[in-house]
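> Sharing a sequence plus its predicted fold:
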Amino acid sequence: MKHLLSFFLLLSISLFPNKAQSQTQSPILTLNTKMHTAKIGRISTDATGKYLLTCSKDKTAKLWDTHSGKLLQTFRPPIGEGNEGMIYAGAISPNAETVAIGGYSASYPKNKTHDIYVFQSQTGFLQKRITGLPNVIFDLEFSPNGKYLVAALGRNNGIRIYQSSNFELFQKDSDYGERSENIAFDKKGRLATVSFDGYIRLYSPNFQLLQKQKTTGGKEAFSLAFSPNGNLLAIGYTDSPKLQVLDAHSLQVLYEPNIQPTKSLHQRLNTVVFSKDGSQLIAGGFYRISQEGKWWHQIRIWEQAGKGSYRDYQAAQNTIMDIKVLPNGNIAYGGSQPDWGILDGQTGKQLVYKEAELNNYRANNKTHFRLNADGFEIGLKPLYQEALVFDVRNARLLEKASTQASFKDQSPALKVTDWKNEYKP
């Protein structure tokens, strides 16, 4: 079933990318899988840690039970063609009653604005749509007391703060030079933001700007997190492998954790969080090692809040996009496989792990893709799996290797360029 499901998803995306979505007023057929089918970019948890919200580019957000891993609810905003409806950000309120999600809204082609969708968490009922945002939403967070919802926006649009009683705009700061990528609250309600304009900003609990400092580890800060006592701020970057820990009042750099052997940009650990008691710094991202015949992306845990020794634990099969620490000390994460899981905060043991019901076709060597002369036999080999052949004429999927020749991107009469990871060869 996994082979068949993943193949038909791949085939439908490849052969019919726009036809089914050309009229957004008409029904759009999607696969109704329990697990996501595209990258999980953000996760969120409530104050008790009972629930985990995952937000995906497959245009859904999902609510899970953190103890059992059971799917409780799927949230579906309006969707449309291409990026329209992709979810980049989401947050569950501290009391677990409300879920807010946003990203690239389906309303954008018509209105040239984006929306945040507010759902009742248990029923999945859409109770409010916050409209008129000038760009995509990259992050959403509720304040610790649940009174406010803060959105981080794309380009130079900064942040928007909404009252959660009615989700009306309360305040905003548009004095940003680039996209605002991540936001974080401390327990007292102070807010910190990072932006690709190269600045970190600190706000009071009533959202007055207290500090604005230029980052020194890189320009494109990707994530940040307060320590539980509110004295430290950790930052990870997109354009640098560095991790930094700052004084959470002056925003001055205090120290940089040991990132050996992840010092290259493509192995960076850029998603950060502190442990429940603040004694450990936790990070994940692109760093991976081969274990038991598979490549596993690691979660690293440093002692002494990032100043001490570290341990690495296997977590995800692709880039770790977001990490949250639960009230019981366990570590929840979401990745771009897509997959998500929960590690024991003391031992690193995997307590819950959920992966997509899809095969991985992202191997660098593409010679496994084969096609016969009339196009009715397709050969594939999913990563870590046996080879497959799909007989289009008879609609049969066979677990065997194709005997057809591999593809070519040039011949005496034709040369195809710019095809790898591109939309317009």
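Looks like it arrived, so ask away. Numbering: from 1, shown residues only.
> Low-confidence stretches in the chain?
1-24 (pLDDT under 70).
> which one's the longest strand in the protein?
Ranked by residue count, the top strand of the chain under DSSP state E comes out as strand 281-291.
> pull the CA atoms of it into PDB?
C-alpha atoms of strand 281-291 as PDB (Å, rounded to 0.1, in the frame of the first residue of the first chain):
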ATOM      1  CA  LEU A 281      20.900  23.500  25.000                       C
ATOM      2  CA  ILE A 282      19.300  21.400  22.300                       C
ATOM      3  CA  ALA A 283      19.600  21.800  18.600                       C
ATOM      4  CA  GLY A 284      18.900  20.100  15.300                       C
ATOM      5  CA  GLY A 285      18.900  20.800  11.600                       C
ATOM      6  CA  PHE A 286      21.000  19.500   8.700                       C
ATOM      7  CA  TYR A 287      23.600  17.500  10.600                       C
ATOM      8  CA  ARG A 288      23.300  13.800   9.800                       C
ATOM      9  CA  ILE A 289      25.300  10.600  10.200                       C
ATOM     10  CA  SER A 290      24.800   7.100   8.800                       C
ATOM     11  CA  GLN A 291      23.400   4.600  11.300                       C
END
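> elements contacting it?
With contacts taken as 3 or more Cβ pairs under 8 Å, 6 or more residues apart in numbering; DSSP states H and E, strand 281-291 sits against strand 232-237, strand 243-247, strand 271-274, strand 294-302, strand 310-316, strand 320-325. For the C-beta atoms, the positions are set from N, CA and C on the backbone; glycine is no exception.
> residues in contact with that strand?
The contact list for strand 281-291, computed with Cβ atoms under 8 Å, 6 or more residues apart in numbering, reads 234, 236, 243, 245, 257, 262, 266-275, 295-302, 305-306, 312, 314-316, 319-320, 323, 325, 331, 333.
> can you list the helices and strands packed on strand 281-291 in TSV and add mean neighbour count?
Formatted as TSV, the helices and strands packed on strand 281-291 follow (neighbours: other Cβ atoms under 10 Å):
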stretch	mean neighbour count
strand 232-237	25
strand 243-247	22
strand 271-274	25
strand 294-302	21
strand 310-316	19
strand 320-325	23
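> nearest to Asp409, of those?
Nearest of those to Asp409, taken as Cβ to Cβ: strand 294-302 at 26.3 Å.
> ok now that closest one, how far from the chain's centre?
Going by Cα atoms, centre = their mean, to the nearest Å, the spacing between the C-alpha centre of strand 294-302 and its chain's C-alpha centre is 17 Å.
> Adjacent strands (with direction) for it?
strand 281-291 (antiparallel), strand 310-316 (antiparallel) (DSSP bridges).
> circling back: list the buried residues for the longest strand of the chain?
Residues of strand 281-291 classed as buried under the neighbour-count rule (16 or more other Cβ atoms under 10 Å) are Leu281, Ile282, Ala283, Gly284, Gly285, Phe286, Tyr287, Arg288.
> Next: stretch 141-159.
In stretch 141-159, the ones that count as buried by 16+ other Cβ under 10 Å are 141-144, 146-154, 156-159.
> Distance of the nearest residue to Asp175 once chain neighbours are set aside relative to Val150?
Spatial nearest neighbour of Asp175, chain neighbours left out: Gly158 (6.3 Å); criterion: Cβ to Cβ, 6 or more residues apart in numbering. Gly158 sits 11 Å away from Val150, going by Cβ to Cβ, to the nearest Å.
> just to revisit the earlier point, distance to Gly345 added to the helices and strands packed on strand 281-291, as TSV?
TSV is the format used below for these (distance: least, Cβ to Cβ, whole Å):
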stretch	distance to Gly345
strand 232-237	17
strand 243-247	19
strand 271-274	11
strand 294-302	8
strand 310-316	10
strand 320-325	7
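> Nearest to Leu209, out of those?
Among these, strand 232-237 sits nearest to Leu209 (Cβ to Cβ), with 15.5 Å.
> Quick one: distance of that closest one to the chain centre.
With Cα atoms, centre = their mean, you get 18 Å for strand 232-237.
> who does that strand pair up with?
strand 221-226 (antiparallel), strand 243-247 (antiparallel).
> quick one on the thing from earlier: JSON lines please, covering the buried residues of strand 281-291 and showing distance to Leu126.
JSON lines is the format used below for these (distance: Cβ to Cβ, whole Å):
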{"residue": "Leu281", "distance to Leu126": "38"}
{"residue": "Ile282", "distance to Leu126": "34"}
{"residue": "Ala283", "distance to Leu126": "35"}
{"residue": "Gly284", "distance to Leu126": "32"}
{"residue": "Gly285", "distance to Leu126": "33"}
{"residue": "Phe286", "distance to Leu126": "35"}
{"residue": "Tyr287", "distance to Leu126": "38"}
{"residue": "Arg288", "distance to Leu126": "38"}
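> Can you show me the helices along the chain?
2-15, 108-111 (DSSP state H).
> nearest residue to Ala89 other than its sequence neighbours?
Leu140 (4.4 Å).
> Return the distance of the one you found relative to Val118.
From Leu140 to Val118 the distance is 10 Å (Cβ to Cβ).
> shared neighbours, those two?
Shared contacts of Leu140 and Val118, counting by Cβ under 8 Å, 6+ apart, come down to Ala100.
> So for those two, which residue has more residues nearby?
Leu140 (27 against 22; other Cβ atoms under 10 Å).
> Tell me who's in contact with the nearest residue to Ala315 once chain neighbours are set aside.
Nearest residue to Ala315, sequence neighbours excluded (Cβ to Cβ, 6+ apart): Ile299, at 4.5 Å. The contact partners of Ile299, by Cβ under 8 Å, 6+ apart, come to Ile282, Ala283, Gly284, Asp312, Tyr313, Ala315, Ile320, Ile323, Ile331, Tyr333, Leu343, Gly348.
> what separates Trp419 from Pro425, distance-wise?
4 Å.
> Who has more neighbours out of those two?
Per other Cβ under 10 Å, whichever of Trp419 and Pro425 has more neighbours is Trp419, with 12 against 9.
> hang on, the more buried one packs against Asp409?
Yes: assessed by Cβ atoms under 8 Å, Trp419 is found in contact with Asp409 at 6.4 Å.
> Okay, Val416 and Leu63: tell me how far apart.
For Val416, the distance to Leu63 - Cβ to Cβ - is 44 Å.
> Tell me which of those two has more neighbours.
When Val416 and Leu63 are compared for neighbours, Leu63 comes out ahead with 24 against 11, by other Cβ under 10 Å.
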